[in-house]
Each structure stands twice: as C-alpha cells, then as structure tokens.
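Q: take a look and give me a structure for this.
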Amino acid sequence: MKTLKPIFTIFFILFVLAIACVTINIYFPEAAVQKTAEEIVDEIRKSEEESKKKLEKDVVQHSFSLIPAAFAQEEETVSTPKIRSLKQSLKDKEPFLQPYFERGNIGEANDGFIKIRGEDNLSLKDKADLRRLIKDVNSNRKNLYAEIAKALNIDESQIPRIQKIFAKSWSENSRSGWWIQREDGSWIKKQ
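A: Numbering: from 1, shown residues only. As a prediction, the model looks like this:
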C-alpha cells in the first residue's frame, strides 16, 4: 500500500502539470469580420441613389462574365434574418444621425458606438431626441456585433474585437468634417 501512494502522487502531479500546460486557442476569423464590417457599414451609409448605381454596375459587370459570379467565388457574406433586420433598422436611422454628425454633436467612437460630443446648440427637445436616437442606434449596433459573433461562431469574449473592427469601418466610411475618436481617446475631424 505504501508503494502505491508515491505512484498516485506522481501521476497526480503529472496530470496537474499537463492541464496547466494546455492553452486555449480561440479562433477569430479577422478577415471575415473585416469584410462583413466593410459591407454592412457601406450598405448602411450609402444613399439610395449610390446603392442603385452600385447595383447597376455590378449587374453590368456580371452579365459579361463567362462564369456566373455565384460560382466564381465562395460566398463570404454573413447574413441572417436578425442581421438583416438590424442592418435595416440602422439604415433607417442613418438620415436622422447625419445632421448631428454634421454639426459635431456626435462622433464615431473607437469602440464601435456613437458618442455624444456636445449638446450646447440643441434645444431640450432636440437633446432628448438625440439621446433616444443614440440609445437606439447603439443598442442596434451592440446586437449586430453579437449576431455577427453568433453567425461566425466566434466566442462572446471576442465581441470587443468585432467592435474595434467595425469602429474602423465606421470611421473610414464617415464623411469629411465628422468627428472620429482615435485609439488614444482623442477626437479629430475627418479630413
């Protein structure tokens, strides 16, 4: 019995060391998230006229192709009914945000959300409307990021990485004169 105790102790120590050496590698498809962010932000920020022109251009390009576009490349667009609904909701709210962006009341933050920068030139009603609008938009964005994580089988702990990628796309797709938050937290006007 005394000889078994040291053997069990050795096996127990080896087992603990083996578990301690295991690292968990969480898969994060950065390229897929980046492509998704670019497509979604582009779709939300484009006007109806720009969207129609792009669609007409795509139809003309693909009509001359010998190999249909569906077979030419693998489908990488992330889309679910919930994502489409959130995109549409964000697209519907975009025209209401633009005047506030233009006046500098709001800006694109470095975390993928919109932040209020100043309300000095707004009436009480406009302040309340702006706060309600920002709350709705940021809620939609938060849900969009979570849905994209689900669709791409990304662990919830990685949603902040998705937000950062989207923050970059929102900033890049902002108009000249809109406020954008840098990584260090400072704000600049987009040139």
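Q: poorly predicted segments of the chain, please.
A: Within the chain, the ranges that satisfy pLDDT under 70 run 1-4, 16-26, 47-77.
Q: tell me the SS of Ile188?
A: Look at Ile188: counting by DSSP: H, G, I helix; E, B strand; the rest coil, its state is strand.
Q: which ones are touching Phe101?
A: By Cβ atoms under 8 Å, 6 or more residues apart in numbering, the contact list for Phe101 reads 107, 174-175, 178-179. C-beta here means a position set from N, CA and C on the backbone, and glycine is covered the same way.
Q: so Lys115 makes contact with Ala109?
A: Yes: taking Cβ atoms under 8 Å as the definition, Lys115 is a contact partner of Ala109 at 4.3 Å.
Q: neighbour-wise, which of those two wins?
A: Set Lys115 next to Ala109 and count neighbours by other Cβ atoms under 10 Å: Ala109 wins out with 21 against 15.
Q: distance of the more buried one relative to Leu90?
A: 15 Å (Cβ to Cβ, to the nearest Å).
Q: same check, this time on Ser176
A: When distance is defined by Cβ to Cβ, Ser176 is 21 Å away from Leu90.
Q: and the two? which has more neighbours close in?
A: Per other Cβ under 10 Å, whichever of Ser176 and Leu90 has more neighbours is Leu90, with 20 against 7.
Q: which residues touch the more buried one?
A: Residues in contact with Leu90 (Cβ under 8 Å, 6+ apart) are 44, 137, 140-141, 144.
Q: top of the residues you listed by number of neighbours, please.
A: In terms of neighbour count, Leu144 stands highest of these at 25 neighbours, by other Cβ under 10 Å.
Q: tell me the SS of Asp136?
A: Asp136 is classified as helix under three-state DSSP.
Q: what's the spacing between the spatially most central residue of the chain and Ala37?
A: By Cα atoms, centre = their mean, the chain has its centre lying nearest to Phe166, at 3.4 Å. Here the criterion is Cβ to Cβ. By it, Phe166 lies 5 Å from Ala37.
Q: now swap in Glu172 and tell me
A: From Glu172 across to Ala37, the span is 10 Å (Cβ to Cβ).
Q: I'd say Trp187 and Ile180 touch.
A: Yes: with contact defined as Cβ under 8 Å, Trp187 reaches Ile180; the gap is 7.1 Å.
Q: which residues are common contacts for those two?
A: Contact criterion Cβ under 8 Å, 6+ apart; residues shared by Trp187 and Ile180: Gly107.
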